[in-house]
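# Quick one: sequence and predicted model below, then my questions.
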Amino acid sequence: MNHRTRIPAAEINGISGVAVKRFSMKKLGKVPESLGVMWHNQPVLKAMAGFSQKAERWNECDHQLKAFAHMVVVAKIGCSFCLDFAYLNAHNENLDMVKARDVLRWRESRVFTSLERDVLEYAEAMTESPPAVTDELSARLLDQLGAPALVELSAFIGASNMAARTNVALGIESEGFAEAKGLAPLAVPSLA
C-alpha cells in the first residue's frame, strides 16, 4: 500500500491475531494493512465483522443483487478498499463478472436487467445525503422483490454505507486484491 492510513496499523498479535491472520491469508492472500488499523479496537472489529458475516447469510434478496448494490454504494462513497474487495469477492463467489466489471457504468451499460437497474439506482439513492429514495422507485422494488427482500436490501445497503464511510474516514484504501488475482480492471463510465 503506497498510501498511509490516518491511524498507523497496530501489530496483530495474540491467539485471536493468529486466527485472523490465517483467515486473511486464506481469503485474500495477505494480511491487509486495514486489519491492523481496526485491530486498535478489537470489539469494534469483531462487531463489524460479525455483522457482515450475519448479513451474508440473509437469503430473502438475491445475493448477486446485493453484491452489485454494495459495489455501487462503495464506489459512490469512494472506498477503494471496499470496491477492490467486493470485486474480488464477486469473482470468488462466481457472480456474473461481465456485470460486476460494468457496475461503475451501470447507467450506460447494456448488460443489466431492469430489476438490476432499479436496485443500483436504489443503492445510489440510499447513499445520497440526505437519502433520495423516491416512492416510485420503492414501489417498483416492492412489486419486483417483495417486502422481505426489500427490507434486506435496504439493511444491506445501509451496512455497506457504514463500512465504506468508516474506511474512508480512516484513510483505508485499496490494496490491489483484484489486480493481484489478475482480474480485468473495472470499466469506468464514459465522460459524455
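Good, I have the coordinates. Residues are numbered from 1 along each chain as shown.
# Show me the domain layout of this structure.
With domains defined by automatic domain parsing, the chain comprises 11-57, 59-192.
# looking at these, which is buried most?
domain 59-192 (a mean of 17; mean count of other Cβ atoms under 10 Å). Where C-beta positions appear, they are placed from N, C-alpha and C, glycine not excepted.
# From residue 139, how far off is the residue nearest the centre of the chain?
For the chain, residue 70 is the residue whose C-alpha lies nearest the centre (Cα atoms, centre = their mean; 4.2 Å). Applying Cβ to Cβ, to the nearest Å, the value for residue 70 to residue 139 is 23 Å.
# tell me which strands and helices the helix ranked longest in the chain is in contact with?
Counting residues, the longest helix in the chain under DSSP state H turns out to be helix 147-170. Helices and strands touching helix 147-170, by 3 or more Cβ pairs under 8 Å, 6 or more residues apart in numbering; DSSP states H and E, are helix 33-38, helix 42-56, helix 63-77, helix 80-92, helix 114-127, helix 135-145.
# Would you confirm that residue 165 contacts residue 77?
Yes - at 6.0 Å, residue 165 counts as touching residue 77 under the criterion of Cβ atoms under 8 Å.
# what sits against residue 172?
With contact taken as Cβ atoms under 8 Å, 6 or more residues apart in numbering, residue 172 is in contact with 5, 33, 34, 37, 79, 81.
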